[in-house]
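Asker: Sequence plus predicted model, see below.
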Amino acid sequence: MSKVLTKIRKKEYDVTIFQTPKYRQRKGYTQVYRYNVHGDSHYDCLEKTFKKFNVPDRIPTDYLGRFIATGDIIFIDEGLKGQYYYQLQTGGWKEVNRINVR
């Protein structure tokens with residue numbers, strides 16, 4: 001019997017970070033950064049984004065936002081497969097309706 005090893009292929013996700021001008025505001029989200037990230041799933045992508053933008057040495061030089069905090073929204077665009085919005089809440093990342101991004 002031979003085993004066939006399969007490698008899980010990581011996908012490239014188009015990620016956009018939305019933040020309000022001030023921490024804890026509920027309206028006024030604007031796009032602060034957009035980039036591509038390789039990941040196994042949406043949650044893998046969210047974790048990689050959180051880690052990248054919360055460590056000063058990892059933050060890109062052209063990033064104009066603040067550290068990712070509670071209330072910030074990450075938009076994952078998969079083209080024809082759909083568009084997904086996730087908000088960082090006290091219990092972790094929660095999928096939200098796009099209506100929250102104004």
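Answerer: Okay, I see it. The shown structure was predicted, so the numbers you read here are calculated from the model rather than taken from an experiment. Numbering: from 1, shown residues only.
Asker: Next one: the residue lying closest to residue 24 once chain neighbours are set aside relative to residue 78, how far apart?
Answerer: Once flanking residues are discounted, residue 24 sits nearest to residue 71: 6.2 Å by C-beta to C-beta, 6 or more residues apart in numbering. Heads up, the C-betas are built off the backbone N, CA and C, glycines and all. Remark: distance between residue 71 and residue 78 (C-beta to C-beta, to the nearest Å) = 24 Å.
Asker: And residue 45, by the same measure?
Answerer: 10 Å.
Asker: so the residue nearest to residue 24 makes contact with residue 23?
Answerer: Yes. Taking contacts as C-beta atoms under 8 Å, residue 71 lies within contact range of residue 23: 7.5 Å.
Asker: between these two, who's got more neighbours?
Answerer: residue 71 (18 against 12; other C-beta atoms under 10 Å).
Asker: Enumerate every residue touching the more buried one.
Answerer: Going by C-beta atoms under 8 Å, 6 or more residues apart in numbering, residue 71 touches 20, 23, 24, 25, 26, 87, 88, 89.
Asker: Take these and write them to CSV, including distance to residue 33.
Answerer: Converted to CSV, the contacts of residue 71 look like this (distance: C-beta to C-beta, whole Å):
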residue, distance to residue 33
20, 14
23, 17
24, 20
25, 18
26, 21
87, 16
88, 15
89, 20
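Asker: which stretches of this structure form helices?
Answerer: Along the chain, the stretches classed as helices by DSSP state H are 42-52.
Asker: For it, give me the ranges with low pLDDT.
Answerer: 1-8, 99-102 (pLDDT under 70).
Asker: For it, just list every one of the strands.
Answerer: Ranges of strands within the chain are 11-19, 30-39, 73-77, 83-89, 92-96, based on DSSP state E.
Asker: The fourth one: partners in the sheet, and parallel or antiparallel?
Answerer: Meaning strand 83-89. Here strand 83-89 has these sheet partners by DSSP bridges: strand 73-77 (antiparallel), strand 92-96 (antiparallel).
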